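Visitor: Starting from these lines, generate the structure:
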Amino acid sequence: MPRKVYARKSKLDDYRLNKLEQTFMFYRQNPVEIMRDICMKNPTWFQRITFRDLWDKPFIVLKWGRGASKTATIAWYLVSKAMFFSDMRIGIIAPSYRQAQFVFDEIDSLYAISPYVRRSCKQNPSRSNDRAVLRFNNRSFIEALPIGTQGAKIRGRRYSIVFLDETAQIDGDTIGMVIMPMLSNMLQGRRNQIIYASSPFFPEAAPHFYEACLQHKAKVISGNDDYHYSSYNFIDVLLDQNPDFVPDVSFIERALEMSPEDIFMMEWLGIFPGESHGFFSTQLVESCTPRGIRDIISVEFRGESGAKYALGIDPARSPRGDLFAMSILKILKDGTRHVVKVIADKGVKFPDMANAIRREVFLNNFNIVAIYMDSRGGGRELQDLLDSPWEHNGITYPPIVVVNDDEIIGQIEVLSPQSELRILRMIDFNTVAINDMYFKFKSLMEQGKILFPIDLHRHEDMFVENVSKEIIALKNEMRVLQTKPTVQGLKFDCPKGFTKDRITASVLANFAANEISTDINNSMESAALTSMLEAGGWIR
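Guide: Predicted coordinates:
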């Protein structure tokens, strides 16, 4: 009698996975081992924790500082996910294509060192002008794209995983209206995933990332297993003592010296400044106003004999709009700068602006050896006016002209009334240049290298009182200065009722002072070296 065949297996039937299936099951259940065995990496303790959560949680926030290996960790995860799950559609999205390629560079490196990754792929990673892609044999793919204007570069795509690099620099509305809909449909019943990753930024400038951090942190604390929130920095790497991740502390120390405190805390330590923290905090402004009897800095209506000064100028084209502003900084031998005079006025005509500049250079005894002026807003017109001699009270003063690129500013002697006073540089503003000027000004304030006079609301000398009031107005502008992120950097602006013209003039004066300070420091170093050589008998 033939044996009866059942359509399904009985309890006695022994079902076993083959070797390949067992291997896949092991790695799917132990994702950290993928980093070691497949990616051939030795992860840090916090990378192991993060990797486990990345593996099965849909909502992720990584608020990591520089040097914490965020980019490498994400690259390993995305490749691992694409290898061990079929039909994964993974998008790396960033504010610019260059930024999007940073993670893809790590994927390229992983492809080069791991034979397992290479065997899993259909072809080598490929790049075009606006897209990088890696395709796998199991129909999964990873692509890196720029977000474009209001999401124009990514509209219409559908993903299983979206990684948003430098989330703080991506427009929050674009995330909500363009990126979130990409994850609305599940494939094969698998939950989709969105990963926000960024170093912190000013909360008022990037509220969407700040709020995402708060929300994810609250969800994790409440025990919601769908969420991950982590914040690590280079200190965590140092504590791990992993030989594969050794930060160069000397460069981090250099970054601390060169960066404003809040920028360093955000970029390197992964810490948000306070919600009400403006670019120049009241505490910082007040700390740069010495109040000790011996330390008080004086307002100067006229310059001090023998001192050197730098002048910054922000012209004004519109008589009803911006202010015409000038700021004068005294340069001490140790490089410290004192803001000693600020002039600001509205509705000034260009000839009067030119004469106001000449008065500070020729009549008020300020030994101004460098002038930096904004080329916009009438700057070129002012440059043309200054390019002529000035007749005043029967005396002819030389023209003030742009210094040649190959000349050291302030080193050209005035030999006669017909000589050109080459102390002027015209500054073509762009976002990068503006950011550089503001950050250097703030960094010097934090080092105690830019100081302000004590406030004088009343003074027997009306001219001194007026100058003091303008310096007070400058400090008030600094306290309310606001920042907004752009693709190129920060945009600086003031609320209604304030302008930033005095600040612009002051940061320009500081840039001019940098050129003077370099010359002073070089002269001091040269004198010290000469003295040392003379003492040693090398110079006679």
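
Visitor: May I see the buried residues of stretch 93-102?
Guide: Ile93, Ala94, Pro95, Tyr97, Gln99, Ala100, Gln101, Phe102 (16 or more other C-beta atoms under 10 Å). Using the backbone N, CA and C atoms, a C-beta is placed for each residue, glycine as well.

Visitor: how close does the fourth one sit to Asp165?
Guide: In this structure, Tyr97 lies at 11 Å from Asp165, with C-beta to C-beta, to the nearest Å as the measure.

Visitor: One more: the second one?
Guide: Applying C-beta to C-beta, one obtains 4 Å for the distance of Ala94 from Asp165.

Visitor: Give the residues shared as contacts by these two.
Guide: Ala100, Phe102 (C-beta atoms under 8 Å, 6 or more residues apart in numbering).

Visitor: about what we covered before: between the buried residues of stretch 93-102, which is nearest Gln482?
Guide: Pro95 (20.4 Å; C-beta to C-beta).

Visitor: so who does the closest one touch?
Guide: Pro95 sits next to Pro146, Ile147, Glu166, Gln169, Ile170, Val487 when contact means C-beta under 8 Å, 6+ apart.

Visitor: ok, which stretches of the stretch 101-250 of the chain are helices?
Guide: Here the stretch 101-250 of the chain has its helices, by DSSP state H, counting those that start in this stretch, at 115-120, 172-174, 207-221, 234-240, 249-258.

Visitor: Tell me which of those helices lies nearest to Val467.
Guide: Using C-beta to C-beta, these put helix 249-258 closest to Val467, at 31.8 Å.

Visitor: Output the contacting helices and strands for the closest one.
Guide: For helix 249-258, the packing partners by 3 or more C-beta pairs under 8 Å, 6 or more residues apart in numbering; DSSP states H and E come out as helix 261-267.

Visitor: tell me how far the helix or strand following the helix it packs on is from the chain's mean position?
Guide: The helix or strand immediately downstream of helix 261-267 is helix 282-287, counting by DSSP states H and E. Taking C-alpha atoms, centre = their mean, to the nearest Å, one finds helix 282-287 lying 22 Å from the centre of the chain it belongs to.

Visitor: follow-up on the earlier one: and the helices of the stretch 101-250 of the chain as JSON lines, adding distance to Arg28, mean neighbour count and mean pLDDT?
Guide: Formatted as JSON lines, the helices of the stretch 101-250 of the chain follow (distance: least, C-beta to C-beta, whole Å; neighbours: other C-beta atoms under 10 Å; pLDDT from 0 to 100):
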{"stretch": "helix 115-120", "distance to Arg28": "14", "mean neighbour count": "14", "mean pLDDT": "94"}
{"stretch": "helix 172-174", "distance to Arg28": "34", "mean neighbour count": "16", "mean pLDDT": "86"}
{"stretch": "helix 207-221", "distance to Arg28": "24", "mean neighbour count": "17", "mean pLDDT": "91"}
{"stretch": "helix 234-240", "distance to Arg28": "26", "mean neighbour count": "17", "mean pLDDT": "86"}
{"stretch": "helix 249-258", "distance to Arg28": "38", "mean neighbour count": "12", "mean pLDDT": "82"}
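
Visitor: Can you add distance to Leu421 and give the ones you listed back as TSV?
Guide: Shown next, in TSV, are these (distance: least, C-beta to C-beta, whole Å):
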stretch	distance to Leu421
helix 115-120	65
helix 172-174	51
helix 207-221	49
helix 234-240	49
helix 249-258	33
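
Visitor: Of all these, which one is nearest Val340?
Guide: Per C-beta to C-beta, nearest to Val340 of the helices of the stretch 101-250 of the chain: helix 249-258, 25.9 Å.

Visitor: so where's the stretch 301-450 of the chain shaky on pLDDT?
Guide: Scanning the stretch 301-450 of the chain with the threshold set as pLDDT under 70 gives 318-321, 405-418.

Visitor: let's see 50
Guide: Applying pLDDT under 50 to the stretch 301-450 of the chain flags residues 412-417.

Visitor: in it, which spans are strands?
Guide: Shown for the stretch 301-450 of the chain, the strands assigned by DSSP state E, counting those that start in this stretch span residues 308-314, 324-331, 337-345, 368-374, 390-392, 395-397, 400-402, 421-427, 450-451.

Visitor: Out of those strands, which gets nearest to Asp240?
Guide: strand 450-451 (38.8 Å).

Visitor: Grab the nearest non-local neighbour of Asn365.
Guide: Nearest residue to Asn365, sequence neighbours excluded (C-beta to C-beta, 6 or more residues apart in numbering): Gly303, at 4.2 Å.

Visitor: so what's that neighbour up against?
Guide: Contacts of Gly303 by C-beta under 8 Å, 6+ apart are Tyr309, Lys330, Asn364, Asn365, Phe366, Asn367, Ile368.

Visitor: Of those, which pair is most distant in space?
Guide: Largest pairwise distance in the contacts of Gly303, by C-beta to C-beta, is 12.9 Å, between Lys330 and Asn364.

Visitor: neighbour-wise, which of these two wins?
Guide: Lys330 (23 against 16; other C-beta atoms under 10 Å).

Visitor: Nearest to Cys121 among the buried residues of stretch 93-102?
Guide: Gln101 (17.9 Å).

Visitor: The closest one is in contact with Arg127, isn't it?
Guide: Yes - under the criterion of C-beta atoms under 8 Å, Gln101 makes contact with Arg127 at 7.5 Å.

Visitor: Just confirm Leu421 contacts Ile357, I think it does.
Guide: No - the pair Leu421 / Ile357 is not scored as a contact, 11.2 Å apart, by C-beta under 8 Å.
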